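J.: Sequence and predicted model, in that order:
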Amino acid sequence: MPRILHTADWQVGKPYRWIENSQKQARLQQERVDAVLRIAEQASQQQAEVVLVAGDLFDSSTVAADMVMEVLEAIGSIPSPVVVIPGNHDHGGAGGIWRREDLLGQMRQRAANLQLLLKQEPVSVAGITLLPCPLLRQRESRSPSLWLDQLNWTELDSLQPRVVLAHGSVQGFGGEAQVNQLCLDSLPRDQIDYIALGDWHALMEIDRKTWYSGTPEPDRFPSGPDDLRSQVLLVDLERGQQPIVKVQSTGRMRWHRITMTLNGDADLARLEQQLAESVGSRVGRDLLRLELNGQLGLQGHLQLQDRLALLSQQLLHLRLRGKLHRQPTAEERDELLLRMDSPLVSTIAAGLQEELQSNADPLVEQALIELHRLCARDSLATVPVATHPVTTDSCA
C-alpha cells in the first residue's frame, strides 16, 4: 500500500510587506523555508514513497536567488521523490519562476529528486499513477483538469493507485468563478483513488477522495476554529479502495485572533487571561490580531497602552482593530472636576467632559487622558514611564 505525503502552497518568498520590522519580516520568510525541512522529517519518519506538491511552491517569479537555492537544498534532503506542479503563483508559462535559468541549474545540482510536471499526461512515480493538472498561466479560463475527460482509463496500469494532482478551485468552493476552475464532477470516481488539491490554504475535505492539504506554515489569522493551517496529509492508497488520510502538524509560528468587548478597567484582567492562554511568554513566534471594542477609564487606557507596547515587542506582529472609547470613571471625573488646588484644571476638565458627552471625539478623549496623566504626575511627584503607541498596518 503506497503512502504519499500531500502538501501545497508553500509560497516560498512570500514578502509579508505589511510587517514593518524588517527583521521580523525576514523571520517569517525564513520560516516558510524551514517548514520544508519539517516536511522532510515527516516524509522520512512516516516512510512516504513520494511527496506531492499541488502547486504554489514559490510565491512569485521574483523570489531571491539565495532563497531559491536554500529551499532546493531543503527539498534535496527529502528521502523520496518530490513531484511538483505549478500553481497560479508559480505558473509554468513564460515569465514564470520555473523558466528561470538559475532555478533550473540549482534544481539539477541540489534537488535531483524534484520532478516538475508541466504536461497533462499520466506519469508513473513510486508505484503510483499521477494525473497532473498544471497551471501554465496565472489565470487560466480553461479548466486544467479538462484533459482527464478525454483520457482512456483502460490504458492505465490496473494495479497502481491513481492520483489527480491539481491546483485551483472546485465548483462552489473557493477561488474566482471561471478562473483556474477544476471540473471534477465529470470524472469517473471509480477510476480515481485520490485527488490532491492546492490553492485553498486551509485544510479542507471536499469528499473522502478529494482534499486540500492547506499550507504547511500558516500565513494569515484564522477566521474560526475550523480554519486549520500548519499541516500536511499522509495518505495510504490502494487501487480501488478508499484512501486513508492522516493529518500531520508541521507549523511552528502561531497566528491568533482575539475579539473582546471591554466594559471597564476591571475587564483588563480578563484580557490578560486571554493573552496568557494564547501567547503566554513566548517571544518571536506569535502573531496576534487583537480587536478591542467598548470603553475604558483613563487610567485603564494608560495601562492598556503600556501592555500593548510590551506585547508588540514580544510578538512578531500585533494588529490592532476595533473601537475602544476612553471615558473617565466616576472617580476619575470627580478627581478632575473637584480639584480645589487647581481651578483651571477643573474648568478644562468640565469643558472636555461636556464635549465628550455630546460627541465621542477621539481627540477629546486623548485630551482628557493627557490631562489625567499630568494630574497623576503632579500628585505622585514622579515622572511616569513614557507610553509608546502601537503602530497598526492597513491590512484588514
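T.: On my side now, so go ahead.
J.: Show me what the helix ranked longest in the chain is packed against.
T.: Scanning the chain for the helix with the most residues, using DSSP state H, yields helix 22-45. Other elements packing on helix 22-45 under the criterion 3 or more CB pairs under 8 Å, 6 or more residues apart in numbering; DSSP states H and E are strand 3-7, helix 65-76, strand 231-236. (C-beta placed from N, C-alpha, C; glycine too.)
J.: and the angle for it with strand 231-236?
T.: Here the directions of helix 22-45 and strand 231-236 differ by 10 degrees (axes from the mean of the first three to the mean of the last three CA atoms, to 10 degrees).
J.: returning to that earlier point: between the helices and strands packed on helix 22-45, which gets nearest to residue 52?
T.: Comparing the helices and strands packed on helix 22-45 against residue 52 with CB to CB, the closest turns out to be strand 3-7 (5.2 Å).
J.: Contacts for the closest one, please.
T.: 39, 42-43, 46-54, 80, 128, 163, 194, 196, 211, 213, 216, 232-237 (CB atoms under 8 Å, 6 or more residues apart in numbering).
J.: Most tightly packed of the helices and strands packed on helix 22-45?
T.: strand 3-7 (a mean of 25; mean count of other CB atoms under 10 Å).
J.: chain center to that one: distance?
T.: 21 Å (CA atoms, centre = their mean, to the nearest Å).
J.: picking that back up, can you lay out the helices and strands packed on helix 22-45 as JSON lines showing distance to residue 222 and mean pLDDT?
T.: Below are the helices and strands packed on helix 22-45 laid out as JSON lines (distance: least, CB to CB, whole Å; pLDDT from 0 to 100):
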{"stretch": "strand 3-7", "distance to residue 222": "19", "mean pLDDT": "98"}
{"stretch": "helix 65-76", "distance to residue 222": "25", "mean pLDDT": "97"}
{"stretch": "strand 231-236", "distance to residue 222": "13", "mean pLDDT": "98"}
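J.: Out of those, the one nearest residue 309 is which?
T.: Each of the helices and strands packed on helix 22-45 has some distance to residue 309 by CB to CB; the shortest is helix 65-76, at 32.4 Å.
J.: re the thing from before, quick one: closest of the helices and strands packed on helix 22-45 to residue 154.
T.: Residue 154 lies closest, by CB to CB, to one member of these: strand 3-7, at 23.8 Å.
J.: possible to save the helices and strands packed on helix 22-45 as TSV with distance to residue 207?
T.: As requested, the helices and strands packed on helix 22-45 are exported to TSV (distance: least, CB to CB, whole Å):
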stretch	distance to residue 207
strand 3-7	15
helix 65-76	30
strand 231-236	14
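J.: what's the closest of those to residue 304?
T.: Residue 304 lies closest, by CB to CB, to one member of the helices and strands packed on helix 22-45: strand 231-236, at 34.8 Å.
J.: where's residue 324 relative to residue 260, distance?
T.: Counting by CB to CB, to the nearest Å, the gap from residue 324 to residue 260 is 10 Å.
J.: quick one on the thing from earlier: the contacts of strand 3-7, buried ones only, as a ChimeraX selection?
T.: The following ChimeraX line selects those of the contacts of strand 3-7 that are buried, judged by 16 or more other CB atoms under 10 Å:
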select :39,42,43,48,49,50,51,52,53,54,80,128,163,194,196,211,213,216,232,233,234,235,236,237
